[in-house]
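Asks: please work out how this folds:
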Amino acid sequence: MVAAAEVPAGQGASRPAPRYGEYATPEEVAAARGPLPVEPSDPVSRLAAPIPASAPSRRTPPPSPRRTNNLVTTLLLIFGIWNTLGSIPSYLDFDAALSQAFEILGYGPVAFGAVAHTAGIVLLVVSSLVLVVAIGVSFRLMRDGRRSVWVPLAAGALSLLSSVIATTVIVANTPGLAQVLHNH
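Replies: Residues are numbered from 1 along each chain as shown. Take a look at the predicted model:
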């Protein structure tokens, strides 16, 4: 087989079809494209021509599920960030926060001690890690076009569960609390 570039222009031999990276003649391009549609030349005929079915409608389309998913996910992540940042003072002084909560409930002052302080630090670290992981996983799912609204919801549930477990451990390890609860 002779390459198209090797055939001299003056020969009457038919030229082989161009390969990838070679140029085709204008006649070969026209033959490959096929006949062009004939458009009416006078303006009245063009106005009377039917509108193609693929013409875009003038209505705005409803928001796509992907946009709604991304919006709700982002709002939930912002709420999680706000909640975690707002909880930092309580976590750093968890003993005082728990004591104040028990006083508000009418049980009187209770000293929780070092266990509460340690649990507060643990809760701060756990909440921060859960939030960072939720942000990373959510953004990756949103970028891939997949459903991501479940990630901040699961992260919030995990943070709440860790708070309940930590508070239960603190209450169980406070010896004077059983007497306060019994007397009330």
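Asks: and the longest helix seen in the chain, what other elements does it pack with?
Replies: For the chain, the helix with the greatest residue count under DSSP state H is helix 114-143. Applying 3 or more C-beta pairs under 8 Å, 6 or more residues apart in numbering; DSSP states H and E, we find helix 114-143 packed against helix 65-92, helix 94-104, helix 150-172. Using the backbone N, CA and C atoms, a C-beta is placed for each residue, glycine as well.
Asks: mean pLDDT lowest for which of those?
Replies: Lowest mean pLDDT of these: helix 94-104, a mean of 88.
Asks: how far does stretch 107-116 stretch from start to finish?
Replies: The first and final residues of stretch 107-116 sit 17 Å from each other (C-alpha to C-alpha, to the nearest Å).
Asks: show me what that stretch is in contact with.
Replies: With contacts defined as C-beta atoms under 8 Å, 6 or more residues apart in numbering, stretch 107-116 is touched by 94-95, 98-99, 102-103, 169-170, 173-174, 176-177, 180-181, 184.
Asks: of these - the most surrounded one?
Replies: The most neighbours of any of the contacts of stretch 107-116, using other C-beta atoms under 10 Å, belong to residue 94, which has 25 neighbours.
Asks: show me what contacts it?
Replies: Residue 94 neighbours (C-beta under 8 Å, 6+ apart): 112, 116, 117, 119, 120, 121, 123, 170.
Asks: ok, the residue sitting nearest the centre point of the chain to residue 126 distance?
Replies: Nearest to the mean C-alpha position of the chain, counting by C-alpha atoms, centre = their mean, stands residue 142 at 2.9 Å. From residue 142 across to residue 126, the span is 24 Å (C-beta to C-beta, to the nearest Å).
Asks: swap in residue 172?
Replies: Between residue 172 and residue 126 the computed distance is 19 Å (C-beta to C-beta).
Asks: same question, residue 23
Replies: 65 Å.
Asks: over to residue 155?
Replies: Taking C-beta to C-beta, one finds residue 155 at 11 Å from residue 126.
Asks: who has more neighbours, the two?
Replies: The residue with more neighbours, out of residue 155 and residue 126, is residue 155; 24 against 18, by other C-beta under 10 Å.
Asks: residue contacts, the more buried one?
Replies: If you count contacts by C-beta under 8 Å, 6+ apart, residue 155 has them with 80, 130, 131, 133, 134.
Asks: quick one, what contacts the third one?
Replies: Okay, so that is residue 131. 80, 81, 84, 155, 159.
Asks: just the pLDDT at the residue nearest to the centre of the chain, thanks.
Replies: Predicted confidence (pLDDT) for residue 142: 94.
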